[in-house]
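In: Here is my input, please return the structure:
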Amino acid sequence: MNFFSYILFGLSMGLIAMLTFRACTLHTKIQLSRGLAYSFLLASVQTLFLLFGIWFGSLWRFSTGNLDSYVFVGIMLLLAAKLSLNLFDKKNGTAYDISRFSTLFLLSIALGINDLIGGMGIGFLAYVQQAWLIASLPLFLLVFLLSYLGIMLGRRNIEIKQRRWTLFAVLFVLVAIVMVLL
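Out: As a prediction, this is how the structure comes out:
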């Protein structure tokens, strides 16, 4: 994988975090200073899940031909299908009370599952042991910035099209798959 495909993957995960935090902030008023801490926690947990997924996927690599790339495509398509389930959500996002640390931590783990799945796919395809910073830095920064943007949008009660942004997240994953295979 190249650095641009990691950026696309980070954008995808960041958009999902933005939509989730926006919906949560609509129902629970959060101070912007606490929002920075919440965004930092979310980005840290998601980055750890990505790195664990890459490590776990690299343990299960195959030594035969192109089987690793087929597994990568299958796992990433599974992730895109999982993200596209949000397209059928009639509501404008599910809201949680993220002012409580336990809820915020469990929400971070739930959103981190997407990164775990994507990390497993990346682990099948690329050796990232030496370049773990290149793999994790775009995800951390984009999830941190976009989740904080979601908090700011929720505080101002700005209406956004959830389906459109979810579609962008799915498209970013699909473009990252194509970029890796070319």
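
In: average pLDDT across stretch 124-138?
Out: Rounded to a whole number, the mean pLDDT of stretch 124-138 is 75.

In: Next: stretch 146-159.
Out: Rounded to a whole number, the mean pLDDT of stretch 146-159 is 90.

In: Could you list the buried residues of that stretch?
Out: L146, S147, Y148, L149, G150, I151, M152, L153, G154, R155 (16 or more other C-beta atoms under 10 Å). Just so you know, the C-beta spots here come from the backbone N, C-alpha and C atoms, and that holds for glycine as well.

In: burial of S44, as a residue count?
Out: 15 (other C-beta atoms under 10 Å).

In: For it, list the residues it contacts.
Out: S44 makes contact with F140, according to C-beta atoms under 8 Å, 6 or more residues apart in numbering.

In: Give me the distance from the helix or strand it falls within to the chain's centre.
Out: Taking DSSP states H and E as the criterion, the element that holds S44 is helix 32-59. How far helix 32-59 lies from its chain's middle: 9 Å, per C-alpha atoms, centre = their mean, to the nearest Å.

In: Go through the buried residues of stretch 146-159 and name the one nearest I177.
Out: Within these, distances to I177 taken as C-beta to C-beta reach their minimum at L146, with 20.7 Å.

In: In terms of helices and strands, where is that closest one?
Out: Remark: L146 resides in helix 132-155, with elements defined by DSSP H and E.

In: list the helices and strands that helix packs on?
Out: Counting contacts by 3 or more C-beta pairs under 8 Å, 6 or more residues apart in numbering; DSSP states H and E, the secondary-structure elements packed against helix 132-155 are helix 3-27, helix 32-59.
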